[in-house]
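Undergrad: following is a predicted model, sequence given first.
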Amino acid sequence: MWFSEKALVFVDTRSAALAVYRQTLSGPRLERFASERFESHAGQSALFSDVLADSRESVARLIRDLKAPPSDATVVLPLGAAFPSIIDRPSIDKAKTSEVDEADVVRFRLSPLLPFPIAQAEVRTETSASIGRDVVLAQAVLKSLIADSERVMGSLGLSRPRVTTALSAALRGLPARAGTVDLVFGDSACAIAVRDLRGSVEAIHLRLLLPGDDRARRSVDEAQRATAEPREIRALGESVETLRLRASPDAVIHPAFDLPELKGSADPQQFPFLSVFHERQGR
């Protein structure tokens, strides 16, 4: 309901966070936020259900300390938990003229990109001004992962939570900026969103960050290789100073959010999913 408190619960491979907010006429307004690092015993190839199990104590503490409302919560899945793709709207509309359902078009386009059968996935699509004109963000999430998330959060007192992704929240908070590459970091993965000269996302790539990786250098290098023309990199979820130190001298990198009032525990530069609360302040 409008103006009542809601909760976003975020779990990544080494961190948990909880945001309590209100949906107002001008958009979501952040009320309370806290995060915790936790020790995960899950290996690199572990299922997300194992990570959820390791995060239980931290999430339970956050729910208690922030007095999270139990009846209107959303679980935010980390980067790497969903497989994204950008699909241009004209190709969907063209297929629909042949009486092909839009959902079938999206599933057909996603299917060869997945490491599992499309029948095991829940496919979601979304459009927004921040993603850009005439493009659709499609994401495939394993149905079992959604069920695990709902089960664990339900056992912690959050009844019938919805499930979304950190990628959706991060992109919704970023203004469409022409000719940039958005580099969004999580604990164990990063997303690379390439924007065209209108600011629309024309391609999106997901890269796992393996133990021992130079995550800064390799991610920036890949962001630069993702486009044939040199473009600025707008970074989210990693220290820009660290990225600049590890990047080649010709890389132009700036933070997506660089306002003094956003510094501190609820800084979207540290937790990209928080950018959904600050979309009018992004750079």
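TA: Received it, and whenever you're ready, just let me know what you need.

Undergrad: which parts of this structure are helices?
TA: Counting by DSSP state H, one finds helices in the chain at the ranges 48-65, 89-96, 102-110, 143-155, 166-172, 215-225, 240-246.

Undergrad: relative to residue 37, which of those helices is closest?
TA: Of all the helices of the chain, helix 48-65 sits nearest to residue 37, with 8.0 Å by CB to CB. For glycine as for every other residue, the C-beta is placed from the backbone atoms N, C-alpha and C.

Undergrad: who does that closest one touch, helix- and strand-wise?
TA: Contacts defined by 3 or more CB pairs under 8 Å, 6 or more residues apart in numbering; DSSP states H and E place helix 48-65 against strand 5-11, strand 15-24, strand 27-37, helix 143-155.

Undergrad: what is the longest one packed up against?
TA: By that I understand helix 143-155. Helix 143-155 is packed against helix 48-65, strand 73-77, strand 121-126, strand 162-165, with contacts defined by 3+ CB pairs under 8 Å, 6+ apart.

Undergrad: and with 6 Å instead?
TA: In this structure, helix 143-155 packs against helix 48-65, with contacts taken as 3 or more CB pairs under 6 Å, 6 or more residues apart in numbering; DSSP states H and E.

Undergrad: what's the burial count for the closest residue to residue 57 other than its chain neighbours?
TA: In space, residue 57 comes closest to residue 38 once its chain neighbours are excluded; the distance is 7.2 Å by CB to CB, 6 or more residues apart in numbering. With neighbours defined by other CB atoms under 10 Å, the count for residue 38 comes to 18.

Undergrad: residue ranges with poor pLDDT in the stretch 1-150 of the chain?
TA: Regions of the stretch 1-150 of the chain meeting the criterion pLDDT under 70 cover residues 1-3, 41-46, 95-99.

Undergrad: of all residues in this structure, which one is nearest the centre?
TA: residue 167 (1.8 Å; CA atoms, centre = their mean).

Undergrad: the closest residue to residue 277 other than its chain neighbours pairs with what?
TA: Closest residue to residue 277 apart from its sequence neighbours, by CB to CB, 6+ apart: residue 30 at 4.5 Å. Partner residues in beta bridges with residue 30: residue 21, with DSSP bridges as the criterion.

Undergrad: any idea how many residues pack against residue 30?
TA: By other CB under 10 Å, the burial measure for residue 30, its neighbour count, is 15.

Undergrad: the stretch 151-283 of the chain: strands as residue ranges?
TA: In order along the chain, the stretch 151-283 of the chain carries the following strands (DSSP state E, counting those that start in this stretch): 162-165, 180-185, 189-195, 201-208, 232-236, 253-255.

Undergrad: I'd like to know which of those is closest to residue 56.
TA: With CB to CB as the measure, strand 162-165 is the member of these nearest residue 56 (17.0 Å).

Undergrad: and the closest one, what does it pack onto?
TA: Checked by 3+ CB pairs under 6 Å, 6+ apart, strand 162-165 has strand 73-77 packed alongside it.

Undergrad: touching, the residue nearest to residue 57 and residue 59? I think so.
TA: No. At 8.8 Å, residue 38 does not count as touching residue 59 under the criterion of CB atoms under 6 Å.

Undergrad: tell me the contacts of the residue lying closest to residue 274 once chain neighbours are set aside?
TA: With CB to CB, 6+ apart as the criterion, residue 274 has its nearest non-adjacent residue at 4.1 Å, and that residue is residue 268. Neighbouring residues of residue 268 by CB atoms under 6 Å, 6 or more residues apart in numbering: 257, 274, 275, 278.

Undergrad: cool, thanks, talk later.
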